[in-house]
Every structure is written in C-alpha cells, then in structure tokens.
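>>> I'd like to go over a predicted model; first the sequence, then the structure.
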Amino acid sequence: MTRYPIIQSPMLDDIEHRLRPCPTYCHGFLGEDDRKLVQILTEDQGTVHALGLTHIGIAERLRSLTEAARGGWGDPELVDDKFFVEVHEIRGKLPCPWPHPGLYQKGFARLENIKTGEKLVWTELSIHLIGEHGFYEGKGSPYRLDPKDLKRILEL
C-alpha cells in the first residue's frame with residue numbers, strides 16, 4: 001500500500017458506477033468488493049509490478065492462449081504441452097465500461113494447467129480490461145483474475 005492517500009477522481013466514480021451490477025453487466029465487474037475502483041487498480045498494479053509482470057504481457061499471454069485454442073470449437077486443445085484450453089463463443093458483443101469505443105465478443109476461454117489441475121476462466125473483455133486498463137475485476141466477481149493466480153497457473 002502506498003504511503004500517500006489514494007484519491008478517486010470523478011471520472012473513476014462514473015466508471016465504478018458502470019462496473020456495479022446493472023442490466024448490461026448483470027453480475028457487475030466488482031463482485032462483492034466494496035473497495036473504491038482506484039484502490040482496486042492501485043493494489044493490482046502493485047501486485048503485478050512486484051511479480052515482475054506487466055498488464056500488457058499478461059493480456060498478450062491470455063490472447064495467445066485463446067487464439068491457440070480457437071480451432072477446437074469448444075473442445076479442449078493442448079497448448080504448449082502444459083495447458084488444456086477451450087474457447088466457447090457466444091453470439092453477441094459487450095462494450096467496454098470505460099468511456100471509449102470498443103465491442104468485445106461474448107464467450108469465454110477455460111484453461112486447465114495439466115501439471116497442477118488449477119483452472120482459469122476469462123473473456124475477450126477480460127483481456128481488454130487487463131491490457132488497456134490494468135483492471136482484473138473486483139474480489140468475488142465471477143471473472144476476477146488475480147495477478148498472483150495468473151502468474152502461478154500460467155507459469156509466467
């Protein structure tokens with residue numbers, strides 16, 4: 001945690017409002033997490049930095065795993081001799097909750113690390129939120145991707 005006070009801007013207040021459960025995102029992106037958005041972003045940034053990773057690097061790894069498994073049409077594909085990855089496409093697109101244009105395919109990817117049995121699930125929007133906004137979703141969100149879990153399970 002930083003030794004300076006963390007202050008959330010009015011713009012982040014608006015984004016945080018959109019991240020809470022609503023008709024567009026029924027489960028919301030913050031789950032049961034009652035921290036301010038700026039705290040979530042700051043703490044995850046600190047974790048990613050301490051792990052020696054970058055948001056862009058994590059997003060690129062998730063994107064490459066998704067692309068490698070896309071040919072399986074929902075069946076698990078063996079990727080890098082380490083992971084079973086399956087991609088499930090769902091009709092429709094979701095907008096990014098941040099104020100910029102962008103629509104992301106609905107659906108999800110599911111990965112299992114063969115060695116440990118640990119699993120991850122992410123979406124195309126998850127990849128965008130991590131790579132562009134450093135946002136891994138709030139604790140308790142169904143698509144929260146904790147940076148420590150990502151490092152361990154993806155062997156980054």
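Done, it's in.

>>> tell me how far the helix or strand in which Y104 is found lies from the chain's centre.
Using DSSP states H and E, the element containing Y104 is strand 103-113. In terms of Cα atoms, centre = their mean, to the nearest Å, the centre of strand 103-113 is found 10 Å from the chain centre.

>>> ok, and for it, which residues are buried?
Residues of strand 103-113 classed as buried by neighbour count (16 or more other Cβ atoms under 10 Å): 104-105, 107-113. Yep, even glycine has a C-beta here, placed from its N, CA and C like the rest.

>>> also stretch 136-145?
136-138, 141, 143-145.

>>> residues touching it, excluding its own?
19, 27-33, 35, 40, 44, 108, 120-123, 126, 129-130, 146-147 (Cβ atoms under 8 Å, 6 or more residues apart in numbering).

>>> buried members of the residues you listed into ChimeraX, please.
Selection of buried members from the contacts of stretch 136-145 for ChimeraX, criterion 16+ other Cβ under 10 Å:
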select :19,28,29,30,31,33,40,44,108,120,122,123,126,129,130,147
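
>>> from the contacts of stretch 136-145, which land in strands?
Those of the contacts of stretch 136-145 mapping onto strands are 108, 120-122, per DSSP state E.

>>> list just the nearest of the residues you listed to R63.
Closest approach between the ones in strands among the contacts of stretch 136-145 and R63, by Cβ to Cβ: W122, at 9.7 Å.

>>> need the contact list for the closest one.
62, 66, 108-109, 143, 145.

>>> against K36, how distant is it?
24 Å (Cβ to Cβ, to the nearest Å).

>>> each with direction, which strands does the strand ranked longest in the chain pair with?
Determined from DSSP E, the single longest strand within the chain is strand 83-95. Here strand 83-95 is paired, per DSSP bridges, with strand 77-79 (antiparallel), strand 103-113 (antiparallel).

>>> look up how far L78 lies from the residue nearest the centre of the chain.
With distances taken as Cα atoms, centre = their mean, the residue of the chain nearest its centroid is S126 (3.6 Å). Using Cβ to Cβ, S126 is found at 22 Å from L78.

>>> and the helix or strand bottoming out on mean pLDDT in the chain, which residues are buried?
Across the helices and strands of the chain, the lowest-confidence element by mean pLDDT, DSSP states H and E is helix 10-19, at a mean of 87. Across helix 10-19, burial judged by 16+ other Cβ under 10 Å covers 12, 15-16, 18-19.
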